[in-house]
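S.K.: Below is the sequence, then the predicted model.
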Amino acid sequence: MRDLKKLLVVPLALVAFMALTATAYADTINNSNVGRVDKTYCHLNNCSLGQIRAATWADQIDSSSDPDQEIDKQRAVGKIVKVSRALRVQIDNLVLQKQDPQTGLWTEQATTATINSGTRSFVQAVTPTAPIGSGGQFRTVLHGSVRWSDNRLGHFTLTSREWGIS
């Protein structure tokens, strides 16, 4: 047993060292809560029957190792919290969108798969990062659903405030 412990010490130390050094070059979130919108949803418009809270925003990221650099990518973040009488909450889809300056249409920059809370008190999703490119107008859109304690299913869409990057 002692020999096994001795054999495990070096690989575990190596893994710990790699984990610590990897974080030194990780992306830096320069701005969080960009365009953030929070909203409370009540079951059948009556909070005594059930209540959840949802929020969506963007994180802007500097992926270089130079802390003085400008942001060069961003990601969407969405969260839904059970407050009362909600059995499950789910992020059906979370999207980071960019507006086409010619047509005014919103195009998808990054998206997530469906994520369910299960028995946890909340669910949170983060899209993959997307390059900012030449800038423009951006927003996040969270499509969510909730299973209430009376077994009814509710759906909602929450859109962040728009923000511009030049």
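M.R.: Right, received. Where do you want to start? Numbering: from 1, shown residues only.

S.K.: hey, where'd the strands end up in the chain?
M.R.: 28-42, 51-62, 73-84, 86-99, 106-111, 115-116, 122-126, 130-131, 136-148, 153-159, 163-165 (DSSP state E).

S.K.: Residue 76 reaches residue 138, doesn't it?
M.R.: No - assessed by CB atoms under 8 Å, residue 76 is found out of contact with residue 138, at 9.0 Å. Where C-beta positions appear, they are placed from N, C-alpha and C, glycine not excepted.

S.K.: Look at those two and report which has more neighbours.
M.R.: When neighbours are counted by other CB atoms under 10 Å, residue 76 and residue 138 differ, and residue 76 comes out ahead with 30 against 24.

S.K.: show me the contacts for the more buried one.
M.R.: Contact analysis of residue 76 by CB atoms under 8 Å, 6 or more residues apart in numbering lists 56-58, 94-96, 110, 112, 126-127, 140-142, 160.

S.K.: Reformat the strands of the chain as JSON lines; add mean pLDDT.
M.R.: Compiled in JSON lines, those are given as follows (pLDDT from 0 to 100):
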{"stretch": "strand 28-42", "mean pLDDT": "91"}
{"stretch": "strand 51-62", "mean pLDDT": "95"}
{"stretch": "strand 73-84", "mean pLDDT": "97"}
{"stretch": "strand 86-99", "mean pLDDT": "98"}
{"stretch": "strand 106-111", "mean pLDDT": "97"}
{"stretch": "strand 115-116", "mean pLDDT": "98"}
{"stretch": "strand 122-126", "mean pLDDT": "97"}
{"stretch": "strand 130-131", "mean pLDDT": "94"}
{"stretch": "strand 136-148", "mean pLDDT": "97"}
{"stretch": "strand 153-159", "mean pLDDT": "98"}
{"stretch": "strand 163-165", "mean pLDDT": "92"}
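
S.K.: which residues does the residue lying closest to residue 84 once chain neighbours are set aside contact?
M.R.: Among residues not flanking residue 84 along the chain, residue 51 sits closest, at 4.9 Å (CB to CB, 6 or more residues apart in numbering). If you count contacts by CB under 8 Å, 6+ apart, residue 51 has them with 40-43, 83-86.

S.K.: Having no further points to raise, I will conclude here.
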